[in-house]
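**Q** what shape does this take:
(one chain, ligands or ions: 2)
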Amino acid sequence: MSASASEGGSYDYDLVVVGGGSGGLSCARQAAKLGAKVAILDFVKPSPQGTAWGLGGTCVNVGCIPKKLMHTAALLKGAADDAKAYGWSVPDGLEHSWDTLVDAVGSHIGSLNWGYRTALRDEGIDYKNELGSIVDAHTVKGVSRKKVETLYSAKYIVIAVGGRPYVPEDVPGALEHAITSDDIFWRFDPPGKTLCVGASYVALEIAGFLTGLGYDTTVAVRSILLRGFDQGMAEKVGKYMEHEGTTFKRPVVVDSIAKDEASGKLKVVLKSRTDGTTEEEEYDTVLFATGRKADTANLGLENVGIVPDAKTGKIAVDEAEATCVDSIFALGDVIDQLELTPVAIAAGRLLASRLFDGKTTLMNYTNIPTAVFTPLEYGAVGLSEEDAAAEYGIDNIEVFHTYPQVLEHTVPHREENQVYAKLIVRKADDVVIGVHYAGPNAGEVIQGLGIAVMAGATKAMFDATVGIHPTIAEEFTSMEITRASGKSALRTGC
Ligand code: FAD
Ligand code: NDP
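**A** Numbering: from 1, shown residues only. Ligands and ions are numbered 1, 2, ... in the order given. From the prediction side, this is the model:
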């Protein structure tokens, strides 16, 4: 082992990062920029169905990127329908080619994988396509595809191994026959009639784009939609999906899945959680989106006394992403924080700046804006109505709401009162503590409002801001109807 050049110590590297996803890459690249000698190990274990991918982690390969592109593909059908009303000649019975979409999305991801590899090389970071594990407080073992083992010593180690989909082991046939979000974006066979199990971000986003692309899609909901989100908004998202053709079964759980070998179809038994009755139906594809587990099994954590959570696999860290071992840090989906790419990226950058640039800024995990890319997109920042009421008391918050008119929807005569916006205000100081919007371009709309909430903007400041006309977002500057007034926020008339 050679000494780390920049630190003059007795380690190979100043920093070894295990996991080359959103968090690991950002931490490694920021550290290298600050002059640290860095290595990053990234290795993709194929899914149980055999799907594997390249450098960049979940977001790039089996998350945000393919999901948003497929969501866009589905929205384009609606745009093509609208285009007729705007005077375009669009043939009836538009056909969609699943394999063309998968091919195009895969090509883009391939270019991103390549971009990361070349960026790491250009930035002087040693990229190892090896499965890492912790040997001791300053040593990581890498195992290559050919099973060659190498030890790397480092002053600091960052664990950024993310998570993988969790499929309940107690459902007969699930592990054997079901796919997950790790498979759907890379599978060239059209999914056909699909059952999505789960009712949070992943299940609803995937069910949304599959319906939009023309596949008969059902969502098996165990309890509520989008746990943790404002439930009024979540129900609007679900209602719109139903309107667009997604079937919802709720509250149900999957009792069993069996394959009919002759037809290749999957026979699924769903059990009602209300009365225990069962129903059987055939599907071409069953996709479990029942949450994710941190990928910490076999990571050698026991060698350094780090004990991951038994249920979630997550690693406990303090506010500086430090584990119980001084030289080892963890960030991104592997810790118990919001599982979002920008969160992992920001935490990675800040950690590197603290380790190698004497900075002290900690990651702020509050007021993180997020968007769910369902057919009716939903963006939110701050508290849900339920959480605001629980924290401050129902009498101490004011809820302003409106069904904005979407000018673009008027010409094609799309149904009104589907797009919805809500501001939650703390009465004591007029501060906006929650912003919710279900409608087109929710991520784009909420990003800017996230800055306002971070800055502690008051409702009076929202009202004093001049709107941009004609947009939906301008409605956030002029919301007058409160829920308490009992007045209808519905848009009426022509
Ligand atoms: P990851 O990106 O998962 O990276 C971990 C890397 O470590 C992986 O490459 C893994 O193969 C590798 N690894 C694991 N173990 C080892 C080991 N022992 N040795 C070496 N390498 C190892 N977030 C958003 O903000 N917006 C979205 O729209 C969004 N959409 C999503 C859609 C889906 C379907 C999913 C599943 C997630 C989505 N997310 C989204 C969440 C986002 O992808 C994650 O929060 C983010 O990727 C977490 O980054 P990370 O660095 O912690 O882990
Ligand atoms: P979540 O943990 O958010 O949700 C899991 C869902 O599965 C819940 O609806 C849960 O129901 C249900 N569930 C759990 N176990 C079972 C079971 N045994 N049978 C039936 N249903 C079950 O997981 P996701 O995979 O949807 O998302 C993981 C994370 O990835 C998100 O929290 C998010 O941070 C990130 N992500 C972000 C996206 C974005 O930014 N747009 C998109 C996709 C993912 P119940 O409520 O009853 O517990």
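**Q** in stretch 264-277, what counts as buried?
**A** Lys265, Leu266, Lys267, Val268, Val269, Leu270, Lys271 (16 or more other Cβ atoms under 10 Å). (Glycine included, C-beta is placed from N, CA and C.)
**Q** and that stretch, how far apart are its ends?
**A** End-to-end span of stretch 264-277 (Cα to Cα, to the nearest Å): 26 Å.
**Q** what's that stretch in contact with?
**A** Outside stretch 264-277, the residues within contact range by Cβ atoms under 8 Å, 6 or more residues apart in numbering are 173, 177, 195, 220, 222-223, 249, 251-260, 278-286.
**Q** ligand 1 versus Arg222, what's the distance?
**A** According to Cβ to the nearest ligand atom, to the nearest Å, Arg222 stands 18 Å off from ligand 1.
**Q** what of Ala322?
**A** For Ala322 relative to ligand 1 (Cβ to the nearest ligand atom), the value is 16 Å.
**Q** what pLDDT does the model give that residue?
**A** Predicted confidence (pLDDT) for Ala322: 98.
**Q** buried residues, the helix or strand Val343 falls within. List them.
**A** In this assignment (DSSP states H and E), Val343 forms part of helix 341-357. Using 16+ other Cβ under 10 Å as the test for burial, helix 341-357 gives 341-356.
**Q** any idea of the mean pLDDT in that helix?
**A** Mean predicted lDDT for helix 341-357 stands at 98.
**Q** got it, and stretch 230-247?
**A** On average, stretch 230-247 scores 98.
**Q** what does the pLDDT read for the residue of the stretch 201-350 of the chain found nearest ligand 1?
**A** Of all residues in the stretch 201-350 of the chain, Gly332 sits closest to ligand 1, at 2.1 Å by Cβ to the nearest ligand atom. With respect to pLDDT, Gly332 has a value of 98.
**Q** pLDDT weak spots in the stretch 351-494 of the chain?
**A** Where the stretch 351-494 of the chain drops to pLDDT under 70, the residues are 493-494.
**Q** ok, which stretches of it are strands?
**A** Taking DSSP state E, counting those that start in this stretch to define them, one finds strands in the stretch 351-494 of the chain at 370-372, 378-382, 397-402, 420-426, 431-438.
**Q** adding mean neighbour count and distance to His96, write those strands out as CSV.
**A** As requested, the strands of the stretch 351-494 of the chain are exported to CSV (neighbours: other Cβ atoms under 10 Å; distance: least, Cβ to Cβ, whole Å):
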stretch, mean neighbour count, distance to His96
strand 370-372, 21, 23
strand 378-382, 25, 24
strand 397-402, 20, 35
strand 420-426, 23, 29
strand 431-438, 24, 25
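**Q** walk me through the domains of the protein.
**A** Taking the TED database as the criterion, the chain consists of the domains 13-63+100-165+293-357, 168-289, 377-485.
**Q** format the ones you listed as CSV; extra columns: distance to ligand 2.
**A** Below are these laid out as CSV (distance: least, Cβ to the nearest ligand atom, whole Å):
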stretch, distance to ligand 2
domain 13-63+100-165+293-357, 3
domain 168-289, 3
domain 377-485, 8
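**Q** export those domains as CSV, with columns for distance to Asn364.
**A** Output for these, formatted as CSV (distance: least, Cβ to Cβ, whole Å):
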stretch, distance to Asn364
domain 13-63+100-165+293-357, 9
domain 168-289, 19
domain 377-485, 8
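**Q** and the spatially most central residue of the chain, how far is that from Cys59?
**A** For the chain, Leu340 is the residue whose C-alpha lies nearest the centre (Cα atoms, centre = their mean; 5.4 Å). Look at Leu340 and Cys59: by Cβ to Cβ, to the nearest Å, they are 9 Å apart.
**Q** check Thr247 too.
**A** 29 Å.
**Q** how about Thr217?
**A** Thr217 is 24 Å from Cys59, by Cβ to Cβ.
**Q** of the two, who's got more company?
**A** Legend: neighbour count by other Cβ atoms under 10 Å for Thr217 and Cys59, higher for Thr217 (27 against 24).
**Q** the more buried one: what's it in contact with?
**A** Thr217 makes contacts with Lys193, Thr194, Leu195, Cys196, Ala207, Leu210, Thr211, Gly245, Thr246, Thr247, as judged by Cβ under 8 Å, 6+ apart.
**Q** leaving out sequence neighbours, find the closest residue to the first one.
**A** The shortest distance from Lys193 to any residue that is not its chain neighbour, by Cβ to Cβ, 6 or more residues apart in numbering, is 4.4 Å, and that residue is Asp216.
**Q** quick check: that neighbour touching Thr194?
**A** Yes: with contact defined as Cβ atoms under 8 Å, Asp216 counts as touching Thr194 (7.3 Å).
**Q** tell me which of the two has more neighbours.
**A** In terms of neighbours (other Cβ under 10 Å), Thr194 is the more surrounded of Asp216 and Thr194; the figures are 23 against 16.
**Q** thinking again about what came up before, what sits against the residue nearest to the centre of the chain?
**A** Applying Cβ under 8 Å, 6+ apart, we find Leu340 in contact with Ile368, Thr370.
**Q** go again using 6 Å as the cut-off
**A** By Cβ atoms under 6 Å, 6 or more residues apart in numbering, the contact list for Leu340 is empty.
**Q** cool, Ile109 as well?
**A** With Cβ under 6 Å, 6+ apart, Ile109 has these contacts: Asn61.
**Q** same question, Ala289
**A** By Cβ under 6 Å, 6+ apart, the contact list for Ala289 reads Cys196, Gly198, Val202, Ala203.
**Q** mind giving me JSON lines with those residues and columns for pLDDT?
**A** Supplementary listing: the contacts of Ala289 in JSON lines, determined by pLDDT from 0 to 100:
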{"residue": "Cys196", "pLDDT": "98"}
{"residue": "Gly198", "pLDDT": "98"}
{"residue": "Val202", "pLDDT": "98"}
{"residue": "Ala203", "pLDDT": "98"}
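**Q** ok, and the most crowded of those?
**A** Cys196 (30 neighbours).
**Q** mind checking which helix or strand that residue is in?
**A** With DSSP H and E as the criterion, Cys196 is inside strand 194-197.
**Q** can the helix holding Val343 be said to contact ligand 1?
**A** Yes: residues of helix 341-357 contacting ligand 1 under Cβ under 6 Å from any ligand atom: Thr341, Pro342, Ala344.
**Q** how far does that helix sit from its chain's centre?
**A** Distance of helix 341-357 from the chain centroid (Cα atoms, centre = their mean, to the nearest Å) equals 19 Å.
**Q** next: stretch 320-338.
**A** So, by Cα atoms, centre = their mean, the centroid of stretch 320-338 is 19 Å from its chain's centroid.
**Q** try stretch 148-162
**A** Mean-position distance between stretch 148-162 and its chain equals 26 Å (Cα atoms, centre = their mean).
**Q** what residues sit buried inside it?
**A** By neighbour count on 16+ other Cβ under 10 Å, the buried set for stretch 148-162 is Tyr152, Ser153, Ala154, Lys155, Tyr156, Ile157, Val158, Ile159, Ala160, Val161, Gly162.
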